[in-house]
Structure formats: structure tokens, C-alpha cells
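Student: next comes the sequence, and after it the predicted model I'd like to discuss.
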Amino acid sequence: NKRFLGDNGRLLAAIKARSEDVTADPDTVFDSVREELSAEYELLETARLDPYHEDHLGIVARPRED
């Protein structure tokens, strides 16, 4: 929802793989989410949050220039 970001805003998201698809491998879920987000956002940083939050991925991104 990049329309809610201010000028020069950033997206900060935490993806919980087991909430997206409990049967899929977390890496497969994360690849799918990265692919979907990259259509609208430039992914600045991604990092697994293990061991503190198992099967979670943190993402920092900014909207792509139109």
C-alpha cells in the first residue's frame, strides 16, 4: 500500500511464512513474497529473523519510481 507512504517513505514488513502457507517451505514463501513486492518496490534489504522469530523474513523497501 505505497499510497500510504510519505515522500521518501519506506516499507518495513515482517513476513511470517507459516501464516502465508503452512504447508509450503518457508524459503519458497519468501521467494514468492519478494517476487510480488519487487513489482512495485525496490527491495533495499531482506533478512531472516531466525533464531528470534523462526520462519520470519524482514523486508525494507521503497516504492519504485513511476
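Tutor: Okay, I see it.
Student: list the residues that contact Glu20.
Tutor: With contact taken as CB atoms under 8 Å, 6 or more residues apart in numbering, Glu20 is in contact with Val29, Ser32, Val33. Every C-beta, even on glycine, is put in place using the N, C-alpha and C of the backbone.
Student: who wins for most neighbours among the residues you listed?
Tutor: For these, neighbours were counted using other CB atoms under 10 Å, and Val29 has the most, 21 neighbours in all.
Student: sorry, back to before: could you dump the contacts of Glu20 into TSV and include secondary structure, distance to Arg18 and pLDDT?
Tutor: Compiled in TSV, these are given as follows (DSSP: H, G, I helix; E, B strand; the rest coil; distance: CB to CB, whole Å; pLDDT from 0 to 100):
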residue	secondary structure	distance to Arg18	pLDDT
Val29	helix	8	97
Ser32	helix	14	97
Val33	helix	13	97
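Student: so what's the residue nearest to His53 when sequence neighbours are not counted up against?
Tutor: In space, not counting the residues next to it along the chain, His53 is nearest to Ala14; the distance is 7.4 Å by CB to CB, 6 or more residues apart in numbering. Each residue near Ala14 by CB under 8 Å, 6+ apart is listed here: Leu49, His53, His56, Leu57, Gly58, Ile59.
Student: distance of Ala14 relative to Glu65?
Tutor: For Ala14, the distance to Glu65 (CB to CB, to the nearest Å) stands at 25 Å.
Student: and for Glu20?
Tutor: Computed as CB to CB, the Glu20 to Glu65 distance reads 28 Å.
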